[in-house]
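> give the three-dimensional model of this entry:
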Amino acid sequence: MVNTFITGITGMVGSHLADFLLKNTDWKIYGLARWNDSLENIEHLSNEINKKERIELIYGDLNDLASLITAIDKSEPNYIFHLAAQSYPQTSFDAPIETLQTNILGTANLLEALRKSPYKNAVTHVCASSEVFGRVPSDKLPINEECSFHPASPYAISKVGTDLVGRYYAEAYGMTIMTTRMFTHTGPRRGDVFSESTFAKQIAMIEVGLQEPKIYVGNLESLRMYADVRDAVNAYYMLVTKNPQPGEYYNIGGTYTCKIADMLNYLISKSTVNNIETVTDPERLRPIDADLQVPNITKFTNHTGWEPSIPFEQTMDDLLEYWREKVKSGRKFLRR
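This is a model prediction of the structure:
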């Protein structure tokens, strides 16, 4: 039996990774969840989780080393996907210490627990972020792996630490750890603090009369390359199964590049309501913005053969439909 351990299984990416592995492998999945996590993203897996045949939850916290030791002992992992994090850049301006502690020390806790366990040789993916590159000059586009870090938020700083901690454990202790800098990836279950998801949610609320026909926005001029989360988890699977190289680090992203304004205009064009306005909300503006996020993914595609397959339009359509279904369920949502 091949065992895999996923931190952050209740998040967007972790839940989609669980879906992918259940469908495409015979692996046993163990997912780390905090005691107070919402289980909404894995609610559709409740029957499988209750059976404990292919997937189980282990309760713990990145900031609790003892719980991580227990989780690794219980899961006996062959593969580890470390996805858990305080993953909201905007939130990190208000909670910088928690962000740094969870993302840097939490990663160190996990890898230290793994290093001292009998499962030290588990093939491990440490998920950093494209935010590590921060404010990149236009002449540096597309961004390759050797581009210097210029983090533009406490979250980005924490992910620089995540990246370097992962690479350190690989080099210092001979562990099979790879780090990734995934650029913008989205789709169903995307948290509503991210631009495309809050736009889709606001449109869904407008369509049923829960919000006036105005969408509240931040910086619309940032340039992004978009990937679908379902392509992203396939990339992560290939990362650990296609000749994994200890200590390597990869940029991963989609193929569709546009400004946030263009993405918003596409979503508005799919709405059933006409004449939707946009309103700039100062609270949605970052003190510093990582405004050019376009990667060179050649290193990863050459090594694994991975290519994104889901077009931008389908990703956005599916995200909008996801929010329509949630809003129509009768639940109440904040506009954020």
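> okay, CA-based contacts and neighbour counts for the rest of this
Noted.
> Thr124 - that's part of a strand, no?
Yes. Under DSSP: H, G, I helix; E, B strand; the rest coil, Thr124 falls within a strand.
> please renumber the chain so that the first residue is 232 from this point on.
Will do, 232 is the new start, and the previous item becomes Thr355.
> where do the helices sit along the chain?
243-255, 277-282, 296-306, 320-325, 327-331, 337-346, 385-404, 426-438, 460-472, 491-500, 529-535, 543-559 (DSSP state H).
> from those, which stretch is densest packed?
helix 426-438 (a mean of 24; mean count of other C-alpha atoms under 10 Å).
> poorly predicted segments of the stretch 282-431 of the chain, please.
For the stretch 282-431 of the chain, no stretch has pLDDT under 70.
> apply 90 and report the result again.
319-321 (pLDDT under 90).
> now do the contacts for the closest residue to Asn375 other than its chain neighbours.
Closest residue in space to Asn375, ignoring its immediate chain neighbours: Asn527 at 5.0 Å, by C-alpha to C-alpha, 6 or more residues apart in numbering. If you count contacts by C-alpha atoms under 8 Å, 6 or more residues apart in numbering, Asn527 has them with 372-376, 482-483.
> most surrounded residue in those?
Within the contacts of Asn527, most neighbours by other C-alpha atoms under 10 Å means Ile483, with 29 neighbours.
> any idea how far that one is from Pro382?
18 Å (C-alpha to C-alpha, to the nearest Å).
> okay if I get the helices of the chain as TSV plus distance to Leu288?
Output for the helices of the chain, formatted as TSV (distance: least, C-alpha to C-alpha, whole Å):
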stretch	distance to Leu288
helix 243-255	11
helix 277-282	7
helix 296-306	10
helix 320-325	27
helix 327-331	24
helix 337-346	17
helix 385-404	24
helix 426-438	27
helix 460-472	19
helix 491-500	35
helix 529-535	30
helix 543-559	25
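> so for Arg517, which of these sits nearest?
With C-alpha to C-alpha as the measure, helix 320-325 is the member of the helices of the chain nearest Arg517 (6.7 Å).
> show me the domain layout of this protein.
The chain breaks down into these domains under automatic domain parsing: 234-416+459-483, 420-455+487-522+541-559.
> tell me which of these sits nearest to His534.
domain 234-416+459-483 (7.8 Å).
> how long is that closest one end to end?
First-to-last residue span, domain 234-416+459-483, C-alpha to C-alpha: 25 Å.
> including distance to His534, could the domains of the chain go into TSV?
Compiled in TSV, the domains of the chain are given as follows (distance: least, C-alpha to C-alpha, whole Å):
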stretch	distance to His534
domain 234-416+459-483	8
domain 420-455+487-522+541-559	20
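> Thr532: which of these is closest?
Of the domains of the chain, nearest to Thr532 by C-alpha to C-alpha is domain 234-416+459-483, at 8.4 Å.
> from Trp537, how far off is the nearest residue to Pro419 once chain neighbours are set aside?
Among residues not flanking Pro419 along the chain, Leu550 sits closest, at 4.7 Å (C-alpha to C-alpha, 6+ apart). Applying C-alpha to C-alpha, the value for Leu550 to Trp537 is 23 Å.
> Ser384 too?
Distance from Ser384 to Trp537, counting by C-alpha to C-alpha: 30 Å.
> among these two, which residue is more densely surrounded?
Legend: neighbour count by other C-alpha under 10 Å for Ser384 and Trp537, higher for Ser384 (23 against 20).
> quick one: contacts for that one?
Residues in contact with Ser384 (C-alpha under 8 Å, 6+ apart) are 320-321, 323-324, 519-520.
> got TSV for these, with distance to Ala492 too?
Output for these, formatted as TSV (distance: C-alpha to C-alpha, whole Å):
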residue	distance to Ala492
Pro320	19
Gln321	19
Ser323	24
Phe324	23
Ile519	18
Asp520	15
